[in-house]
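A.B. asks: Predicted model follows, preceded by the sequence.
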Amino acid sequence: MTIILRGPLVQAASSSLPLIGALATVKGIRSQLGIDVQVRWPNDVVFTGKKLSGIIVETKTRGNEFEYALLGMGINANFPVSLLKGAPNSTTLLEIIGSPVDREQLVCSILAEIEQLKELFLSAGAQGVLDILERYECSRGKRVKVTLQDSQTSGIIAEYDELSRVVILQSDGTPKKIDTASVILAEYANG
């Protein structure tokens, strides 16, 4: 599913949209299906450490003007996990629940959550959304190797510095701040 987002709020939150999309997906799945899914930084939804959904964002500008953002959300839904060849740490809603889900109801639930998170961002700023995210995320304390445009780093995710940035404690103990928008790949040890 892809959602087109416009307006000054979207521009202000563009680097946080992958996490906002993952959080809306988690909240939508939890409210619709009662499954204990979690957000895994920078843009995944997981169930017991297995990837269930990924979020991708693409923005469009014209000159210095922000036009829109495309929020793409891929959810592994009504198919067996055996079709996810080459993705051993993934799962599907069918695998978790044991029966097909009503995708239309699930999409409506996720869209409602996006709207609520948008309103929260408008009223309380990024910190309001971060407070909600921290209830549903599972990344803190996990070992991760992060590939950036021109480098790699690894360590343990210590905390969210902002909605769009985490602090990773590297092996020598030094903290490194990583912006979500700069991540090409995040590989977690043990899923």
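C.D. replies: Here it is on my side, so go on.
A.B. asks: distance of the closest residue to residue 87 other than its chain neighbours from residue 76?
C.D. replies: For residue 87, ignoring the flanking residues on the chain, the nearest one in space by C-beta to C-beta, 6 or more residues apart in numbering is residue 51 at 7.2 Å. From N, CA and C alone the C-beta is placed, and that goes for glycine too. Note on residue 51: its distance to residue 76, by C-beta to C-beta, to the nearest Å, is 8 Å.
A.B. asks: Identify the contacts common to those two.
C.D. replies: 90-91 (C-beta atoms under 8 Å, 6 or more residues apart in numbering).
A.B. asks: Pick out whichever of these two has more residues nearby.
C.D. replies: Higher neighbour count among residue 51 and residue 76: residue 76, with 23 against 19, using other C-beta atoms under 10 Å.
A.B. asks: still on that earlier bit, quick one: whichever strand or helix holds the residue nearest to residue 87 to chain centroid distance?
C.D. replies: Using DSSP states H and E, the element containing residue 51 is strand 50-62. The chain centroid and the centroid of strand 50-62 are separated by 8 Å under C-alpha atoms, centre = their mean, to the nearest Å.
A.B. asks: for stretch 60-73, same thing?
C.D. replies: 19 Å.
A.B. asks: Could you shift the numbering so residue one becomes 24, and keep it that way?
C.D. replies: I'll keep to 24 as the first residue from here, and by that count the last item is stretch 83-96.
A.B. asks: In that stretch, which residues are buried?
C.D. replies: 89, 92, 94, 96 (16 or more other C-beta atoms under 10 Å).
A.B. asks: Reformat those residues as JSON lines; add pLDDT and distance to residue 46.
C.D. replies: Output for these, formatted as JSON lines (pLDDT from 0 to 100; distance: C-beta to C-beta, whole Å):
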{"residue": "89", "pLDDT": "83", "distance to residue 46": "22"}
{"residue": "92", "pLDDT": "90", "distance to residue 46": "16"}
{"residue": "94", "pLDDT": "93", "distance to residue 46": "12"}
{"residue": "96", "pLDDT": "94", "distance to residue 46": "11"}
